[in-house]
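Undergrad: here is a sequence with its predicted model. Questions after.
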Amino acid sequence: MLNNHQPLISVICTCFNHEKYVEQAITSVKNQTYQNVELIVIDNASKDNSQAIILNLKNLYGFQHIFNETNIGLPKAFNAALKISKGKYIIDLSADDVLLSFSIEEQVKEFQKSDINTALIYSDAIYIDQNNKELYLHSKRYPFQPSGFIFKDIIFKYFICPPSIIFNRTILEKLGGYDESLLYEDFDYWVKSSRDHPFQYINKPLVYRRLSGKKAFSNSFYKFKSPLAESTFIIIKKAFHLCQTNDEFSNLYHRSLFESRQCVFLGHYKIAKKYIDLANQICIKNPNIKKSFKQSYISFCANNNIYLYPLYKIFHFITGK
C-alpha cells in the first residue's frame, strides 16, 4: 500500500540476461519497509528467460515494465525509464543486485535531514556471489567514504558502490540524466554532479552487490582492449574542464597517469597517449604540478607499443587490483 505522506521513490531495475537473479531483485523492492515505492523494470533485449519471469512477477506484484527489442545500452535504457517515473528520489538497481529490506527507509531519512542540494546518497554494501553467499563489505576494500563536496575525491579514485546510490531527482534531471554517448554511466554522473552538489554517505550496508561470472560488465574493465576505456577518457577530459583548485588539478593529474598506465597494460596505446597529452595540459594549466618520471615512463611505453598485458594479468591476479 502506498503512503502518500511519504515522498515517492522510483526504483528503475535494469535487466539483461539476469534470469537467475531478477526475481530476487524485484522481490527485494517489493519487500521494503518503506511503502511509497514505484517500480519500473526495463529489459534490454535479454536472450534468456528474463522477460517471462518479469511478466509473471508483474502479474503478482503490479509494476511498470519496458521491453526493448534491441540492447540500447544502460544509460539510454535508464533515461527512458526516468522519463516515465514520478518519484522524488530515484534508485538505479541492476537486476542481479538486491536491496536490504530497510534500504529505502534509511535513504529517505538521510535525504530528509540533508542539504536540499544534495545530489545523491550512497552507503556501504555487502558483496555476494552467484549463490548469495556473503563475501565482504565494500568498506573493507574501500575504507575512504567521504561526505560533502567531494569532487576532488571523485576524480582521484574509485570508492562509491554504484547500487548503493539513491539520486535526488531534481538534480538528476537538471544535469540531463545519464550521458547516452558513453558505454557506462556512473562515473560520469558522479563527476558532473559532485562539482556543485554535496554527496552524503550512510555508514551501514544497505544493498547486496553481486559478483558473478555473468556480471560481464564489471569484468570487462580488465579485458584486453576493453571498449570501456574510451568512455573513461571522455569522462576524465570532462573533469579537466571542471577543475578549479590546485588539489583538484593534482588529483586529476595522478588519475590521468593511473588510467594511462591501465591503457598501456590493456593495449590501448592511442588512448594512453591521450592521457599523457592531458597530463601535459594539466601541468601547463597548473605550473605547481611537475611532470613526473611515471609520466615519462608511461609515455615511452605508449609511444613504442610495449606489450605489458601478461604482466598486468599477473599483477591483477596477485593483488586483486
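TA: Thanks, I have the structure now.
Undergrad: centre of the chain to the helix or strand containing Ile284, how far?
TA: Following DSSP states H and E, one finds Ile284 within helix 269-285. Shown here is helix 269-285, whose average C-alpha point lies 24 Å from the average C-alpha point of the whole chain (CA atoms, centre = their mean, to the nearest Å).
Undergrad: tell me which strands and helices that helix is in contact with?
TA: Packed against helix 269-285 by the contact rule (3 or more CB pairs under 8 Å, 6 or more residues apart in numbering; DSSP states H and E) you find helix 228-242, helix 246-265, helix 293-303. Bear in mind the C-beta positions are built from the backbone N, C-alpha and C, glycine included.
Undergrad: pLDDT below threshold where in the stretch 201-321 of the chain?
TA: With pLDDT under 70 as the threshold, the stretch 201-321 of the chain has low-confidence stretches at 213-225, 309-321.
Undergrad: Three-state assignment for Ile40, please.
TA: Using DSSP: H, G, I helix; E, B strand; the rest coil as the criterion, the local structure at Ile40 reads strand.
Undergrad: distance of it from Leu211?
TA: With distances defined as CB to CB, to the nearest Å, the gap from Ile40 to Leu211 amounts to 25 Å.
Undergrad: between the two, tell me which one has more neighbours.
TA: Set side by side, Ile40 and Leu211 show unequal neighbour counts under other CB atoms under 10 Å, the larger going to Ile40 at 22 against 14.
Undergrad: hmm, the more buried one is touching Cys15, no?
TA: No. With the criterion set as CB atoms under 8 Å, Ile40 and Cys15 do not qualify as a contacting pair; they are 11.1 Å apart.
Undergrad: ok, now which ones touch the residue nearest to Cys243 when sequence neighbours are not counted?
TA: With CB to CB, 6 or more residues apart in numbering as the criterion, Cys243 has its nearest non-adjacent residue at 5.0 Å, and that residue is Phe249. Counting by CB atoms under 8 Å, 6 or more residues apart in numbering, Phe249 touches Cys243, Ile282, Lys285, Asn286, Ile289.
Undergrad: if you set the cut-off to 6 Å instead, what comes out?
TA: Cys243, Ile282, Asn286 (CB atoms under 6 Å, 6 or more residues apart in numbering).
Undergrad: any buried residues in the longest strand anywhere in the chain, and which?
TA: The strand that spans the most residues within the chain, counting by DSSP state E, is strand 199-210. Of the residues in strand 199-210, those buried by neighbour count under the rule 16 or more other CB atoms under 10 Å are Phe199, Gln200, Tyr201, Ile202, Pro205, Leu206, Val207, Tyr208, Arg209, Arg210.
Undergrad: settle this for me: the second one is touching Leu120, isn't it.
TA: No. Gln200 sits out of contact with Leu120 when judged by CB atoms under 6 Å, with a separation of 7.7 Å.
Undergrad: give me the most central residue, this protein.
TA: Taking CA atoms, centre = their mean as the criterion, Asp186 is the residue nearest the geometric centre of the chain, at 3.3 Å.
Undergrad: quick one: contacts for that one?
TA: When the contact criterion is CB under 6 Å, 6+ apart, the partners of Asp186 are Pro162.
Undergrad: roughly how far apart are it and Lys290?
TA: Plainly put, Asp186 is 32 Å away from Lys290 if you go by CB to CB.
Undergrad: what do you get for Lys133?
TA: Taking CB to CB as the measure, Lys133 and Lys290 are separated by 48 Å.
Undergrad: repeat that for Ile54.
TA: Counting by CB to CB, the gap between Ile54 and Lys290 amounts to 55 Å.
Undergrad: which one's more surrounded, those two?
TA: Set side by side, Ile54 and Lys290 give different neighbour counts by other CB under 10 Å, the larger being at Ile54 (26 against 8).
Undergrad: part of a strand, is the more buried one?
TA: No. Ile54 is assigned helix when assessed by three-state DSSP, not a strand.
Undergrad: my guess is it contacts Val41, does it?
TA: Yes. In this structure Ile54 lies within contact range of Val41 using CB under 6 Å: 5.4 Å.
Undergrad: any residues in contact with both of those two?
TA: His65.
Undergrad: avg pLDDT for stretch 154-170?
TA: Along stretch 154-170, the predicted local confidence has a mean pLDDT of 97.
Undergrad: same check, this time on stretch 90-100
TA: Over the span of stretch 90-100, the pLDDT mean works out to 98.
Undergrad: numbering from 13 from now on, please.
TA: New numbering, starting at 13: the last item is stretch 102-112.
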